[in-house]
Structure formats: structure tokens, C-alpha cells
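Chemist: Need the 3D shape of this:
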Amino acid sequence: MDLHVKILNERVVARAKARGLDVLVYAPHFTRLPEIRERAERFSDEDLLVVPGREVFTGSWRNRRHVLAVGLSEPVPDFITLDGALSAFEEQGAAALVPHPEFLTVSLDADAAAEHRDRLHAVETHNFKAWPRQNRRARAVATDVDLPGFGSSYAHLLGSVGEVWTVFERRIESEADLVSALREGAPRRVLRRDGLRHRARAAVEFAHLGYENTWKKIERIFLSGTEPTHPDHIAYDGRFDAVSVY
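Modeler: Next up is the predicted model:
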């Protein structure tokens, strides 16, 4: 399974199947859980299970820490405290994963992972967008905090889907199966493709990072307060006011 992709359409599904994947976790940025869940259900079929996920941006934009939740039943906004996000995940029985640890300024570092170790269920040990030294550091973080690893393409682009994947030693036929496997630390292996084409696709995926972090995007996200995953959005009915950072 590819445990973290940002895009989902007919071409993504076709590519996932061609790559032999059984499961995708679909977790687009700044999209509320009901929309993610509806789209995941629409593209799931007998050959491919698409599981909804939420990569929550905790903290402020300049000091944000991403945490990936799988198994949420209720929406959780971005730009709340890390403790507030992890508490919401716990209340809902979701699996809390650490994507791209220590990658730039957008994830948990080793100290944060150690501090919250008992509330986390896995650390990403291979992210397709990251450089080799960053993935080596990620594996060291997972070892240091004694948490299982996982791998993903983190695909923002079609060509990245299925370049990295995770194989569990048990059958995963539903969202609940995946959440249980993650929360229980079920045995798994992290695998990836190799070769010049793989490395070229990784470079293109990394280059896409510049587009993701433009000022226009920052301005759109948190200055208006009306974005779907902003904690002030009417959909959250003030439930996260106490842990909002904006």
C-alpha cells in the first residue's frame, strides 16, 4: 500500500493498480474530512481500497509540525497545537503517524517524536520526496523512539504513485483493518523502486515543493479564516478555539 498520496482521480487509480497496489491513503492538504471520505469512497473498488486520511498542520505556519491521522470519524482542523491534534486523534481512536520527520520545518523532530512517543503509532522511514540523507535520518528517528516505520510516495504528481510502498504481513481489506494494523504495530516492510527513472521522478517531486510553499498559498490559507480546515471555520463550531494558534 501507498500510505500517503495527495492526489486522487481515474489516472491515479489506474496507475496504482498497474503498480500492484491494494491500498492508497488519500490525505490532501487543506481539505475537510467529509470531502476526503466521499472522494475516497468514490474511487474505491474491489481491486483498490482508498482510505481517507488527514495530514494536519499543527502549530503556526512558520513553525508547523505535520501529523498524519488515519481513521478519523470527525474533522480536525489545521493550525491547532500538536497536543490538541493528538488529543483529538486519541478521542477518535485514529492512528497517528509522523510523516517526513525532521524534513525542513514541516514535521516532528526527534525530540518531539520522543516526547509524544506513547501517542504515536509509526514514523515514516522512506518518503519519496525526501533526499537519501533525510530518509536515513528518518530511519534513525524511528529507531531512537522505537516505533514501526512506514513508507509512502507522498505523491503530489501522478508519476510518483507507487514509487514507495509498505507491505503488511496481514490482510488489509478495510479502513478499520488498516487502523488496527497501524495502532497495533503489525509487522511490515517498506519497499521502493530504484534506477534512474525512480531518481528522476523523486527530483521532480521535490522540485514541486517550491510551488507548495509560495506566499500566495500561505496568504490563502490562514489570513482569511474561511478556509475549510481553518480552526475558525464555522464547520468546527468553536470546538477547537482553546487549541487554535490563529
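
Chemist: can you map out the helices along the chain?
Modeler: Remark: helices assigned in the chain by DSSP state H are 10-18, 33-43, 82-92, 110-115, 132-145, 175-183, 196-212, 215-222.

Chemist: any idea of the mean pLDDT in the fourth one?
Modeler: Right, helix 110-115. Averaged over helix 110-115, pLDDT sits at 96.

Chemist: Grab the CA positions of it and hand them over as PDB.
Modeler: Presented in PDB, the C-alpha positions along helix 110-115 are these (Å, rounded to 0.1, in the frame of the first residue of the first chain):
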ATOM      1  CA  ALA A 110      13.400  13.600  17.100                       C
ATOM      2  CA  ASP A 111      12.800  15.400  20.400                       C
ATOM      3  CA  ALA A 112       9.100  15.900  19.700                       C
ATOM      4  CA  ALA A 113       8.700  12.300  18.500                       C
ATOM      5  CA  ALA A 114      10.300  11.100  21.700                       C
ATOM      6  CA  GLU A 115       8.100  13.400  23.900                       C
END
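
Chemist: circling back to that earlier point, tell me which of the helices of the chain sits nearest to S160.
Modeler: Proximity to S160, assessed across the helices of the chain by C-beta to C-beta, is greatest for helix 196-212 (5.0 Å). The way it works is simple: take the backbone N, C-alpha and C, and place the C-beta from them, glycine included.

Chemist: The closest one to helix 132-145, inter-axis angle?
Modeler: Per axes from the mean of the first three to the mean of the last three C-alpha atoms, to 10 degrees, the angle that helix 196-212 makes with helix 132-145 is 80 degrees.

Chemist: Need the residues that contact helix 196-212.
Modeler: Identification of contacts with helix 196-212 by C-beta atoms under 8 Å, 6 or more residues apart in numbering yields 29, 128-131, 153-157, 159-160, 163, 192.

Chemist: who wins for most neighbours among those residues?
Modeler: S153 (31 neighbours; other C-beta atoms under 10 Å).

Chemist: Tell me who's in contact with it.
Modeler: D2, H4, V5, F128, S160, V161, G162, E163, V164, W165, E205.

Chemist: Export the helices of the chain as JSON lines, with columns for distance to E74.
Modeler: Formatted as JSON lines, the helices of the chain follow (distance: least, C-beta to C-beta, whole Å):
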{"stretch": "helix 10-18", "distance to E74": "26"}
{"stretch": "helix 33-43", "distance to E74": "7"}
{"stretch": "helix 82-92", "distance to E74": "6"}
{"stretch": "helix 110-115", "distance to E74": "24"}
{"stretch": "helix 132-145", "distance to E74": "27"}
{"stretch": "helix 175-183", "distance to E74": "14"}
{"stretch": "helix 196-212", "distance to E74": "27"}
{"stretch": "helix 215-222", "distance to E74": "21"}
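
Chemist: quick one on the thing from earlier: need the contacts of S153 in CSV (columns: pLDDT).
Modeler: Listed next are the contacts of S153 as CSV, based on pLDDT from 0 to 100:
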residue, pLDDT
D2, 98
H4, 98
V5, 98
F128, 94
S160, 96
V161, 97
G162, 96
E163, 96
V164, 97
W165, 98
E205, 85
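
Chemist: Please convert the buried members of those residues into PyMOL selection syntax.
Modeler: Buried residues within the contacts of S153, by 16 or more other C-beta atoms under 10 Å, are selected in PyMOL with:
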select buried, resi 2+4+5+128+160+161+162+163+164+165+205
